[in-house]
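**Student:** my questions concern the predicted model and sequence given below.
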Amino acid sequence: MSLQDIMTALEEEAEAQRQEIISRAKKQGEQIIAEAKARFELAEDERRRQLMRAAEIESARLLHQANLSRQSELVSAREAMVEKVMDGAKAELTALSDDPEYATVFKSLTTEAWEAASSLDGDRIIRVNEKDRELAEATLAEMSLKAPVVVDTFAGGGLIVASLNGRQRLVNTLLGRLDRARPYLTPQVIKILFGHD
């Protein structure tokens with residue numbers, strides 16, 4: 001074998017080894033690329049899942065917040081309607097003092113208040129608004145009750161029976177009765193307006 005043949009054989013062997021190295025390198029490169037793609041796809045899938053979970057959580061939070069807001073608006077609207085009804089009742093009660101039958105109502109209020117105020121110490125005074133002063137004096141005279149009548153600034157009809165020192169008092173005004181009845185009336189008004197409690 002000549003030197004030339006040996007050199008050719010070495011070059012061919014070197015070329016074969018080089019081709020084998022290149023082939024292995026390509027396979028390794030392809031494998032590395034395939035593994036990287038797989039890892040990337042897994043990471044991308046996980047990122048998408050996390051984004052979807054975050055979006056679902058945010059969507060649920062926004063829906064819950066919207067429901068709370070809607071409920072709050074409904075409650076506010078319901079309270080406003082009830083308040084409107086109560087304001088209407090106050091207006092009706094205030095206007096009652098112009099009714100011809102008001103003298104009978106005032107006498108009943110006076111009788112109730114006088115009897116309930118029997119526990120008050122000492123003499124009593126009757127407080128009424130300016131519009132009811134003459135009616136109060138006439139009603140007390142008709143009932144043979146003795147008490148000074150004092151003008152007060154409360155609105156609406158009715159009266160307040162108080163001890164002379166003002167420490168004890170019994171409120172029997174139309175609006176005062178409405179205020180005391182309000183906790184009992186409100187559920188009934190809600191049921192009438194909305195059909196439920």
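**Tutor:** Structure's in. What do you need? Numbers count the residues shown, from 1 in each chain.
**Student:** rest of the way, CA atoms for contacts and neighbours
**Tutor:** Fine.
**Student:** ramachandran coordinates for Ile126?
**Tutor:** As for Ile126, its main-chain torsions (degrees, to the nearest 10) stand at phi -110, psi 130.
**Student:** for it, give its distance to Ala138.
**Tutor:** Taking CA to CA, to the nearest Å as the measure, Ile126 falls 12 Å from Ala138.
**Student:** of those two, who's got more company?
**Tutor:** Ile126 (26 against 14; other CA atoms under 10 Å).
**Student:** count the neighbours of the nearest residue to Gly158 once chain neighbours are set aside for me.
**Tutor:** Ranked by CA to CA, 6 or more residues apart in numbering and with sequence neighbours excluded, the top spatial neighbour of Gly158 is Thr173, at 3.9 Å. Applying other CA under 10 Å, we find 24 residues neighbouring Thr173.
**Student:** and Arg124, by the same measure?
**Tutor:** There are 23 residues near Arg124, going by other CA under 10 Å.
**Student:** which residue ranges of this protein form strands?
**Tutor:** Remark: strands assigned in the chain by DSSP state E are 124-129, 149-152, 158-163, 169-173.
**Student:** verify the stated contact: the residue nearest to Gly158 with Gly157.
**Tutor:** Yes. Using CA atoms under 8 Å, Thr173 makes contact with Gly157 at a distance of 5.8 Å.
**Student:** so which residues of the protein form helices?
**Tutor:** For the chain, applying DSSP state H gives helices covering 3-95, 102-116, 133-142, 174-194.
**Student:** let me see the mean pLDDT of the first one.
**Tutor:** Averaged across helix 3-95, the pLDDT comes to 89.
**Student:** elements contacting that helix?
**Tutor:** helix 174-194 (3 or more CA pairs under 8 Å, 6 or more residues apart in numbering; DSSP states H and E).
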